[in-house]
Structures are given as C-alpha cells and as structure tokens.
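K.L.:
3D model of this:
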Amino acid sequence: MLKWFGAALVILSGGLAGLYQARQFAARPRQIRELILALQRLETEISYGFTPLPRALERIGASMKMPLSGLFLEAARGMGPQAGLSVQESMESSLRLYWRQTSMKPAEREVIRQLSIVLGTSDRQDQMKHIALAASQLKHEEAAAREDQARYEKMSKSLGFLISALIVILIF
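P.N.:
The predicted structure is shown next:
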C-alpha cells in the first residue's frame, strides 16, 4: 500500500513539474507581448504626454499585471526623490528584484537593460527611436518564444508524466 502511495506521489510530482514547465513556455510569449505594449505606451507618454519618466513608468506599472507591474513600479520608485537613482541604476535594481519572477530569458532582459542606458539621457526623438528599436527586438524574441511554445509545450507536459512513470517502473 505504501509503495503504491509513493508511486502515485512520484508520478504526480513529475507530472506537476512537466505542467509547470509547459506553463513557463506558454507565459513567455504573453509576457514579451505585454512588455512590447508597455514600451509602446512609454513611447506615447514621452512623445505626446511629455510625462516625466518616473511618472510614466508608474502609470505603465499600475496598468499591468505582476511580475511586469512590479518591474516598472520599482523602477519608478528608484527614480523618485527618496532613492535618487539614475534610470539605468533604477532599472538594474528593478530587474534584479523582479526578473526571476518572469518567464522571460536573458535576451529580453538585455534589451531592457540596453534601453535603460539611453532613457533619460537624450532628447525625445532619440528616446523614441531607441524604444522603437527595443520593441522590434522584443518582437523577434516573441516570435522565437512562440516557436518554442509550439515545439516544447506539449512535450514538457508529456515528459513530466513519462519520466516519472519510468522512475516508478525502475524502482519497482
């Protein structure tokens, strides 16, 4: 009886691990799309609203879901009068705190990091060009993420259960 309970537990845990990995494959393209939309909104705030960068990031963060919401809100807090960090320092700090909670990979992080170097240090037109460039780079990453999702999502679900079933068979 105890053996069967253990076997069921192994299969359940392996299956859940596979489902978690499949969920990560599904979440990555969605989060990249949300990040692209946030950058487009930032571009609008800078070009038409003439909104200061901390306020623009705060507005964008307030309209998003976690973990990307936290990323933008923390960056806005870092640029506030209490912290007094530069845009780059604030974004780096925010990325350190919230990036692990996302499903995104280092390539997307690097795009945001590169953008943070330019934001707030040049004129509006230059910032808009860099935001558009970052959005186009993220679109390429989104396409790659969708390919990965199509290729690996079902496989992850199946492999979790199959590997755990193999472990149970080998144990018995």
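K.L.:
need the next SSE after the one helix or strand A8 maps to, C-terminal direction.
P.N.:
Element membership for A8 (DSSP states H and E) is helix 2-47. Next along the chain after helix 2-47, taking DSSP H and E as the criterion, comes helix 53-62.
K.L.:
Could you check the angle that following helix makes with helix 2-47?
P.N.:
140 degrees (axes from the mean of the first three to the mean of the last three C-alpha atoms, to 10 degrees).
K.L.:
I'd like the average pLDDT over the helix or strand that comes right after helix 53-62.
P.N.:
Next in sequence after helix 53-62, counting helices and strands by DSSP H and E, comes helix 68-78. Averaging pLDDT along helix 68-78 gives 87.
K.L.:
And for stretch 126-141?
P.N.:
90.
K.L.:
Stretch 160-169 too?
P.N.:
When pLDDT is averaged over stretch 160-169, the result is 88.
K.L.:
how about it: buried residues?
P.N.:
160-161, 163-164, 168 (16 or more other C-beta atoms under 10 Å). The C-beta positions use only the backbone N, C-alpha and C, and glycine is treated the same way.
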